[in-house]
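Visitor: Next input, structure requested:
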Amino acid sequence: MKKLLASKKGFFALAVIFLWAKTYFSYKQEFNLDITNGMQEFLLVINPLSASIVFLGLAFLAKGRRMGIWLLVIDFIMSFLLYANVLYYRFFNDFITLPTLKQTDNLSSGMGGSIFGLMQGYDFIYFLDIILLIVLYIYTRKNWNIERLAFRKTAMVIISGVALFAVNLGLAEVDRPQLLQRTFDRTYLVKYLGPYNYTIYDAIQNAKTSTQRVMASPSDLSEVTEFTEANYAEPNAKYFGKAEGMNVIKIHLESFQSFLINYKLNGEEVTPFLNSLVNDKQITYFDNFFHQTEQGKTADAELLMDNSLYGLPQGSAFSVKGTNTYQAAPAILNQEQGYTSAVFHGDEKTFWNRDEIYKQFGVDHFFDSTYYNMENSINYGLKDKPFFEESMPLLESLDQPFYAHLITLTNHYPFTLDPEDATIDKATTGDSTVDNYFQTARYLDEALEQFFNDLKESGMYDNSVILLYGDHYGISTNHNRAMEEITGKEMTDYQNAQMQRVPLMIKAPGLEGGVNHTYGGELDVLPTLEHLLGIDSSKYIQFGTDLLSEEHNDVVGLRNGDFISKDYTVLGDTYYDTATGEIVEDEAKIEEIKKEKEELAKMLSLNDKILYGDLLRFYDPEGWTPVKASDYDYNNRSETEEE
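Guide: Just a heads-up that it's a prediction; the model follows:
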């Protein structure tokens, strides 16, 4: 054994075993891969081996003792990839894609604190083997053969890894036919192929999509326009144009889920002000409204709300398609009715590439961190109370009518709050993420009440459409145990899907106050707003439908191909009755669901063609003037002059 460990082959074998072991450990400890049978469990055991053998085997191409250096470098890269997925999954309940790796600006703009908060004490395990291998290399390399391993033997090692992958893929296809051809959740790919082979697959898919813009042509738009025209919902005459000429104030409720509405923690309302809005005769609350974001989270929500387009299946369109042509709400409202537009955000303007993509949207003013006193910051940026207070004079400076988007930040993971700002006790589940969530939600609620009072004092309240929305979930499925304690419900897949509700509240003339039970999503907000302002959305390419229209499509399509409607909740190949949570077994209903899934799949495919191919550069609605990014400059001139 000592002789084997002191050889190149032994060093290689030990590295493969270590890498396999910690990968399998991550499957059991970190990832919820939903193993349902013995075949899937067997695939978990073998799927890290093929990539480990192939990539670590490349080290044999190095001559002499350099083989050890090569192997350690490759091993570290693979270990880093694994650990990056572990951290990413702990918050997003998802796996990293290559487009998300291009979003490194977000890491340097505030995610550092969140990353450290995700780390666990046992995480050293993911790099312990590297240290052991370094020590072994130092003490045994003098005994190594200085010749390069025969190419034939190196090829046999790599071929054996490829052969093992072929067996792996074959067994995966038996359990899940057309795994690579059909659109599946990334969890399926990792479960069947492992994180390393999944990354290779993702790289191939990313390479394919990167060529789509070059190959795109105006003729690609015909299928898109046919689809949107066929799915257009006529505005409800009762509401059309009721808010024409009014300011629009859109407020982003960071990570706010609807279960917080009317929720009492230890007998105390968590969000008393928002609860009061639900009962306000001037405000309509949509209680069956869902976020439709994917990896882009907040950025996806902005894209959905301002463009009625989904985000990308991988990564964030804000980051990787930030120079695309868009026909977004700021430009539409400006060209149709002369609106001024502005975004208010107490963080760096580069976060999510906002300073670039907002130019494509036609945003006139971007009030970023340089306009605020950032000494009052915590976690991701400026606290919500000073943010709203300092935003008021900026809001009042805008030419009216205006379209203003205010992005809150305090209610963001890891839900950090200074003790002096906390006005409600934490929950006591023992899960710090869940326990802290209620304090930051209360702080946001108090900040909103302050802002509403300021709007009324300024006189802008009565002349404004006010729209509040939650961008995405705050508590991921990684916290199911604590959430079961909070909600008193078992967090099944069905129940987790129902928890993806986020609030949508609209104050506009003519709207009946109270609760509206219509099912809808972020995709539907832009056409709803356009029709309230008296703008017909039919001339634009938008996939959502007016929530107030009698023809509204109540199927809320999710980015991964699942959907939720008042009748059905569809999660992968399992279909639930939305009202009861029972699995649907009626064949006629199943056929109806399959047709809805096919329609959604077509919409998602067309959406991706638009984004990957930048197809809107070929689309010129009547009277439309393409947005020129060079017309916009978001530098804070007053700050520059002071310097």
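Visitor: CA only for contacts and neighbour counts going forward, please
Guide: Fine.
Visitor: Flag the shaky bits of this structure, pLDDT-wise.
Guide: For the chain, residues meeting the criterion pLDDT under 70 lie at 1-6, 92, 99-114, 181-185, 209, 639-643.
Visitor: Domain map for it?
Guide: 2-210, 220-642 (automatic domain parsing).
Visitor: out of those, deepest packed?
Guide: Among these, judged by mean count of other CA atoms under 10 Å, the one packed with the most neighbours on average is domain 220-642 (a mean of 19).
Visitor: which residues touch Pro48?
Guide: Neighbour list for Pro48: Leu19, Trp20, Thr23, Tyr24, Leu193, Gly194, Pro195, Tyr196 [criterion: CA atoms under 8 Å, 6 or more residues apart in numbering].
Visitor: biggest separation within these, which pair?
Guide: Leu19 and Leu193 (15.2 Å; CA to CA).
Visitor: any idea how far Leu382 lies from Glu336?
Guide: Between Leu382 and Glu336 the computed distance is 34 Å (CA to CA, to the nearest Å).
Visitor: ok, the contacts of Pro48 vs Lys208, which is closest?
Guide: Tyr196 (18.9 Å).
Visitor: so how far is the one helix or strand the closest one maps to off the chain centroid?
Guide: Following DSSP states H and E, one finds Tyr196 within helix 195-210. Relative to its parent chain, helix 195-210 has a centroid offset of 19 Å by CA atoms, centre = their mean, to the nearest Å.
Visitor: who does it touch, helix- and strand-wise?
Guide: Counting contacts by 3 or more CA pairs under 8 Å, 6 or more residues apart in numbering; DSSP states H and E, helix 195-210 packs against helix 38-57, helix 66-92, helix 98-101, helix 186-193.
Visitor: May I see those arranged in a markdown table, with distance to Leu616 as well?
Guide: Shown next, in a markdown table, are those (distance: least, CA to CA, whole Å):
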| stretch | distance to Leu616 |
| --- | --- |
| helix 38-57 | 40 |
| helix 66-92 | 30 |
| helix 98-101 | 21 |
| helix 186-193 | 28 |
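Visitor: Tell me which of those helices sits nearest to Asp471.
Guide: Using CA to CA, the nearest of the helices and strands packed on helix 195-210 to Asp471 is helix 66-92, at 14.0 Å.
Visitor: who's in contact with Thr154?
Guide: Per CA under 8 Å, 6+ apart, neighbours of Thr154: Gly57, Leu58, Phe60, Leu61.
Visitor: can you rerun that using 7 Å?
Guide: Thr154 makes contact with Gly57, Phe60, according to CA atoms under 7 Å, 6 or more residues apart in numbering.
Visitor: would you say it is within a helix?
Guide: Yes. Assessed with DSSP: H, G, I helix; E, B strand; the rest coil, Thr154 lies in a helix.
Visitor: Now do it against Tyr380, distance only.
Guide: For Thr154, the distance to Tyr380 - CA to CA - is 49 Å.
Visitor: repeat for Ser52
Guide: Counting by CA to CA, the gap from Ser52 to Tyr380 is 37 Å.
Visitor: And for Asn275?
Guide: In terms of CA to CA, Asn275 sits 26 Å off from Tyr380.
Visitor: Over to Leu98?
Guide: Applying CA to CA to Leu98 and Tyr380 gives a distance of 24 Å.
Visitor: show me what contacts Thr410?
Guide: Neighbours of Thr410 in contact, by CA under 7 Å, 6+ apart: Lys383, Asp384, Thr440, Leu444.
Visitor: brain fart, Lys63
Guide: Ile146, Glu147, Arg148.
Visitor: now these in TSV, with secondary structure and distance to Gly521?
Guide: TSV is the format used below for the contacts of Lys63 (DSSP: H, G, I helix; E, B strand; the rest coil; distance: CA to CA, whole Å):
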residue	secondary structure	distance to Gly521
Ile146	coil	64
Glu147	coil	63
Arg148	coil	60
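Visitor: Let me know the closest of those to Tyr413.
Guide: Proximity of those to Tyr413 (CA to CA) peaks at Arg148, which lies at 50.5 Å.
Visitor: now the closest one, nearest residue through space, not along the chain?
Guide: Excluding the flanking residues, the one nearest Arg148 by CA to CA, 6 or more residues apart in numbering is Lys63, at 4.4 Å.
Visitor: Which of the helices or strands spans the one you found?
Guide: If you go by DSSP H and E, Lys63 is not part of any helix or strand.
Visitor: Distance check, it against Thr271.
Guide: Counting by CA to CA, the gap from Lys63 to Thr271 is 66 Å.
Visitor: And for Trp20?
Guide: Counting by CA to CA, the gap from Trp20 to Thr271 is 47 Å.
Visitor: do the same with Ala172
Guide: 47 Å.
Visitor: for Tyr196, same thing?
Guide: Distance from Tyr196 to Thr271, by CA to CA: 44 Å.
Visitor: residues contacting the residue lying closest to Asn145 once chain neighbours are set aside?
Guide: Among residues not flanking Asn145 along the chain, Gly64 sits closest, at 6.4 Å (CA to CA, 6+ apart). By CA under 7 Å, 6+ apart, the residues touching Gly64 are Asn145, Ile146, Glu147, Arg148.
Visitor: show me the contacts for the last one.
Guide: The reference is to Arg148. Taking CA under 7 Å, 6+ apart, we find Arg148 in contact with Leu61, Ala62, Lys63, Gly64.
Visitor: just the residues you listed now: which is nearest Arg501?
Guide: Proximity of the contacts of Arg148 to Arg501 was ranked by CA to CA; the top entry is Leu61 with 53.5 Å.
Visitor: In space, what's closest to Val45 - neighbours in sequence excluded?
Guide: Distances taken as CA to CA, 6+ apart place Tyr24 nearest to Val45, at 6.7 Å, with adjacent residues excluded.
Visitor: For that neighbour, I want the exact helix or strand it lies within.
Guide: According to DSSP H and E, Tyr24 maps onto helix 8-29.
Visitor: Next, the angle from that helix to helix 66-92.
Guide: 0 degrees (axes from the mean of the first three to the mean of the last three CA atoms, to 10 degrees).
Visitor: what angle separates helix 8-29 from helix 186-193?
Guide: Angle between the axes of helix 8-29 and helix 186-193 is 140 degrees (criterion: the same axes, to 10 degrees).
Visitor: Need the residues that contact helix 8-29.
Guide: For helix 8-29, using CA under 7 Å, 6+ apart, the contacting residues are Leu4, Leu5, Leu44, Val45, Pro48, Leu49, Ser52, Ile53, Tyr126, Asp129, Trp144.
Visitor: Same check on stretch 322-339?
Guide: 306-307, 340-341, 356-357, 360-363, 400-403, 614, 616-617.
Visitor: hmm, try it at 8 Å
Guide: For stretch 322-339, the surrounding residues in contact (CA under 8 Å, 6+ apart) are 245, 306-307, 340-341, 353, 356-357, 360-363, 400-403, 526, 535, 540, 611, 614-617, 624-625, 627.
Visitor: Looking at those, which are in helices?
Guide: Asp306, Asn307, Glu356, Ile357, Gln360, Phe361, Leu526, Leu611 (DSSP state H).
Visitor: So which of those is the closest to Ala508?
Guide: For the ones in helices among the contacts of stretch 322-339, the minimum distance to Ala508 (CA to CA) is 14.3 Å, reached by Leu526.
Visitor: sorry, back to before: now, the most widely separated pair of the ones in helices among the contacts of stretch 322-339?
Guide: Spatially, the most separated pair among those is Glu356 and Leu526, at 21.3 Å (CA to CA).
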